[in-house]
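Q: Give the three-dimensional model of this entry:
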Amino acid sequence: MVTKSASIGKPAKLSKASLTRSGELAQSLMRSARTGMHIVQDGKFVYVSPLFQKLSGCTEEQLLGHIP
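A: Below is the predicted model of the structure:
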């Protein structure tokens, strides 16, 4: 019997500048989206887009850190 094994390589290391640019791009896309967006981490809001705030009737300060 012949078997073939594939190894999974380590993820590429990204520079701090590259990570910063990626984060800035993601934030820009989420701010300009035509739908309300939010990110929940560990059961709490960690990001809410301006449109999500408008649709929910709450400010960023009222939402961040709270349970949805």
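Q: Quick check: longest helix in the protein by residues?
A: Once the chain is assigned using DSSP state H, the helix that runs over the most residues is helix 16-32.
Q: following it, which helix or strand comes up?
A: Downstream of helix 16-32, the first helix or strand assigned by DSSP states H and E is strand 38-41.
Q: Against which helices or strands is that next one packed?
A: Secondary-structure packing of strand 38-41 (3 or more C-beta pairs under 8 Å, 6 or more residues apart in numbering; DSSP states H and E): strand 44-48. Where you see a C-beta, it was placed from the backbone N, CA and C, and this is true even at glycine.
Q: Centre of the chain to the helix or strand just after the strand it packs on, how far?
A: Following strand 44-48 in sequence order, the next helix or strand is helix 50-56 (DSSP H and E). With C-alpha atoms, centre = their mean, to the nearest Å as the basis, helix 50-56 stands 17 Å off its chain's centre.
Q: Point out the other helices and strands that helix 50-56 packs with.
A: Judged by 3+ C-beta pairs under 8 Å, 6+ apart, the packing partners of helix 50-56 are helix 60-63.
Q: and the helix it packs on, what other elements does it pack with?
A: Secondary elements touching helix 60-63 (3+ C-beta pairs under 8 Å, 6+ apart): strand 44-48, helix 50-56.
Q: most packed of those?
A: strand 44-48 (a mean of 17; mean count of other C-beta atoms under 10 Å).
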